[in-house]
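>>> Predicted model and sequence follow; I will ask about them next.
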There are 2 protein chains.
Amino acid sequence: MAMARKARSSQRREESLTRESIIEASIELLDSNGESGLTFRALSEQLATGPGAIYWHIANKSDLLNAACDAIVARTMNAPIVSATPEATIRALALGVFDAIDAHPWVGSALTRVPGHLPMVRVLERIGQQVRALGVPDDQQWEAVSALMAYILGVSGQNAANGQLARTRGLDRSDFLEKLSTVWLQLDPEEYPFARSVAKQMRDHDDRVDFLAGIDVILRGIDSPRRRRRPEH
Amino acid sequence: MAMARKARSSQRREESLTRESIIEASIELLDSNGESGLTFRALSEQLATGPGAIYWHIANKSDLLNAACDAIVARTMNAPIVSATPEATIRALALGVFDAIDAHPWVGSALTRVPGHLPMVRVLERIGQQVRALGVPDDQQWEAVSALMAYILGVSGQNAANGQLARTRGLDRSDFLEKLSTVWLQLDPEEYPFARSVAKQMRDHDDRVDFLAGIDVILRGIDSPRRRRRPEH
DNA sequence: ACCTGAACACCGTTCAAGT
DNA sequence: ACCTGAACACCGTTCAAGT
């Protein structure tokens, strides 16, 4: 297991270390071994160098994690989307984030750890432009986009956490939901009537379909008239 | 600094260690020193014992964090709420979670790390009962509650992350938002027109007010008729 | 300018030994 | 049954020394 590690670990080995190659290797480690898989020792081994060398290109671990996160988000948000309506584009963008976080669960926690930073702004910008295109008045745009962002990042993060939790227990997603469902069904009927009643729906739901349904709930809410703030037309 | 630590650290010192006292001490450490402040060494020092002793009562660190998280959530969700309508109760519940996570930022990340577990079910149950009281049809309850939960946990978590990030930089919340706003205003106008346009709104917004506005967006969405799923009445 | 790798000050967790 | 505290196998980060 320990033989020829340095020689085989990567095709670049003779090229000098760059910030980009470090970030690329970090993403590989995070994807294959999870958040705890990214260590300076594992990273320096994969890059055939010493731990200290990395600090020449990267400030510290959180800098590294943010850079890796931004690389994924930038790729996702730069993908071109062709849709007929702003609503459809919002759904496509939301699904893009959902799938990216599903594929790279560590992005979910990294994103929420540094709110307001570049990766989050990339998403906010694209959603915001569509909310504008939707014709939402200026003074309600912030509220609408905040709600959408919170929902998208919230659900995506939870979905990814579900997947990770399932993986650590050696189950696939549907087995995990099955297990969770039976746990909920065993809750005290007096105290948890609602959780019990939705346990069955939870068992065989489709995360992506539910996610899009929630997006539609919010889009309807944005669309539908306020109680009193806007007089009539 | 190191003198008389054991003798003074707590009023219970002669009483034996219990799971409850360990959890209580953990909450204190987490509240005062953040997520990284909870270590078995700091904890055992505060409890005037050795690190190993804690393992007699607690399985491991994640068990400990979950227990601390559940203690906070249970307190919050067991607080009685008197409201005239289901909508008002949902707002009160949402605000309760928001404030609890604001006061104990570590609860935000702990909650989302183990989806579907007891702390989350406590919240889901109370929200769910109100969604039922709202008259939402059975087959749409899961969707409605999912959307609300994702939004509530999403925004609360981000708000708490904001506060933490501000604190690590020695700023209070409004100074932090001010700083963030000016950063957004310096973004490339071609690439980030929307982020720039909402930067000013973000600077002097009230997180709690925005949060409730988002809840109302979702409540309106839940309320308003579907495109075709329900024929007419 | 960039890299090396030993060293420092931490972690969570275990476990023989005590009471 | 419950506690002690040394020991183990890790961390992130620093820094003198090399090229």
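In hand now; what should we look at?
>>> check whether the longest helix along chain A contacts DNA strand C.
Longest helix in chain A by number of residues, with DSSP state H as the criterion: helix A:138-168. No: against DNA strand C, helix A:138-168 shows no contacts by CB under 7 Å from any atom of the strand, the least distance being 12.7 Å. Where C-beta positions appear, they are placed from N, C-alpha and C, glycine not excepted.
>>> following that helix, which helix or strand comes up?
Where DSSP states H and E defines the elements, the next helix or strand beyond helix A:138-168 is helix A:173-185.
>>> Packing partners of the next helix or strand after that following helix?
Using DSSP H and E, the next helix or strand after helix A:173-185 towards the C-terminus is helix A:193-203. Applying 3 or more CB pairs under 8 Å, 6 or more residues apart in numbering or on different chains; DSSP states H and E, one finds that helix A:193-203 contacts helix A:173-185, helix B:118-133, helix B:138-168.
>>> any residue of the second one up close to chain A?
So that's helix B:118-133. Yes: with CB under 8 Å from any CB of the partner chain as the criterion, chain A is reached by helix B:118-133 at B:121, B:124-125, B:128-129, B:132.
>>> What parts of chain A come near DNA strand C?
For chain A, the residues in contact with DNA strand C (CB under 7 Å from any atom of the strand) are A:16-17, A:48-53, A:55-57.
>>> Restricted to strands, list these.
When the residues of chain A next to DNA strand C are checked against strands (DSSP state E), there are no matches.
>>> Geometric centre of chain A: which residue is closest?
residue A:101 (3.0 Å; CA atoms, centre = their mean).
>>> where does that residue land on pLDDT?
As predicted, residue A:101 sits at a pLDDT of 98.
>>> do residue A:174 as well
Residue-level pLDDT assigned to residue A:174 equals 89.
>>> so who does the one residue in chain A that gets nearest to chain B touch?
As assessed by CB to the nearest CB, chain B sits closest to residue A:154 within chain A, at 2.6 Å. Applying CB atoms under 8 Å, 6 or more residues apart in numbering or on different chains, we find residue A:154 in contact with B:150-151, B:153-155, B:157.
>>> ok, now residue A:44?
Residue A:44 is in contact with A:50-51, A:53-54, counting by CB under 8 Å, 6+ apart.
>>> let's go with 10 Å and repeat that
A:17, A:22, A:25, A:50-54 (CB atoms under 10 Å, 6 or more residues apart in numbering or on different chains).
>>> Equivalent analysis for residue A:218, please.
Residue A:218 neighbours (CB under 10 Å, 6+ apart): A:90, A:94, A:144, A:147-148, A:150-152, B:147, B:151, B:214, B:217-218, B:220-222.
>>> Residue A:166 too?
Counted by CB under 10 Å, 6+ apart, residue A:166 has contacts A:172-177, A:179-180.
>>> rerun at 7 Å
A:172-173, A:176 (CB atoms under 7 Å, 6 or more residues apart in numbering or on different chains).
>>> What's the PyMOL line that selects buried ones from those?
Applying 16 or more other CB atoms under 10 Å in any protein chain shown to the contacts of residue A:166 leaves a buried subset, and the PyMOL line that selects it is:
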select buried, chain A and resi 176
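>>> is it true that residue A:83 touches residue A:93?
No: between residue A:83 and residue A:93 there is no contact under CB atoms under 7 Å: 9.2 Å.
>>> between these two, who's got more neighbours?
residue A:93 (23 against 13; other CB atoms under 10 Å in any protein chain shown).
>>> Contact residues of chain A facing DNA strand D?
So far as CB under 7 Å from any atom of the strand goes, chain A lies against DNA strand D at A:38-42, A:51-52, A:55, A:60-62.
>>> Just the buried subset of the residues you listed, please.
Here, 16+ other CB under 10 Å leaves A:38, A:40, A:42 buried among the residues of chain A next to DNA strand D.
>>> Okay, and which of the residues you listed map to helices?
Per DSSP H, helices hold the following members of those: A:40, A:42.
>>> just to revisit the earlier point, quick check: next helix or strand after the helix or strand where the residue nearest to the centre of chain A lies?
Element membership of residue A:101, judged by DSSP H and E, is helix A:86-103. Heading C-terminal from helix A:86-103, the first helix or strand you meet, by DSSP H and E, is helix A:105-113.
>>> Is that following helix in proximity to chain B?
Yes: interface with chain B: helix A:105-113 contributes A:112-113 (CB under 7 Å from any CB of the partner chain).
>>> so how far is that helix from its chain's centroid?
How far helix A:105-113 lies from its chain's middle: 6 Å, per CA atoms, centre = their mean, to the nearest Å.
>>> Top of the residues of helix B:118-133 next to chain A by number of neighbours, please.
residue B:128 (25 neighbours).
>>> can you redo the contacts of residue A:166 as CSV with distance to residue B:79?
Formatted as CSV, the entries for these read as follows, by distance: CB to CB, whole Å:
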residue, distance to residue B:79
A:172, 38
A:173, 35
A:176, 32
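>>> Return the member of the contacts of residue A:166 nearest to residue A:137.
residue A:173 (40.5 Å; CB to CB).
>>> related to what we said a few turns ago, just the angle for the longest helix of chain A relative to helix B:138-168, thanks.
In terms of direction (axes from the mean of the first three to the mean of the last three CA atoms, to 10 degrees), helix A:138-168 departs from helix B:138-168 by 100 degrees.
>>> what's the average pLDDT for helix A:138-168?
pLDDT averaged over helix A:138-168 gives 92.
>>> Likewise for stretch A:182-197?
Average pLDDT, stretch A:182-197: 97.
>>> Next, residue A:83: secondary structure please.
coil (DSSP: H, G, I helix; E, B strand; the rest coil).
>>> who's in contact with it?
For residue A:83, the contact set (CB under 7 Å, 6+ apart) comprises A:89, A:92.
>>> Find the residue ranges of chain A scoring beneath the pLDDT cut-off.
A:1-14, A:225-233 (pLDDT under 70).
>>> In it, what residue lies closest to DNA strand C?
residue A:52 (1.4 Å; CB to the nearest atom of the strand).
>>> returning to that earlier point: DNA strand D: which of the residues of helix B:118-133 next to chain A is nearest?
Distance ranking of these against DNA strand D, using CB to the nearest atom of the strand, places residue B:121 first at 28.7 Å.
>>> contacting residues around that closest one?
By CB under 7 Å, 6+ apart, the contact list for residue B:121 reads A:184, A:192, A:195.
>>> I'd like those as CSV, with neighbour count appended.
What follows is the contacts of residue B:121, written out as CSV (neighbours: other CB atoms under 10 Å in any protein chain shown):
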residue, neighbour count
A:184, 22
A:192, 21
A:195, 24
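>>> Quick check, the residue in chain A closest to DNA strand D?
Residue nearest to DNA strand D within chain A (CB to the nearest atom of the strand): residue A:52, separated by 2.9 Å.
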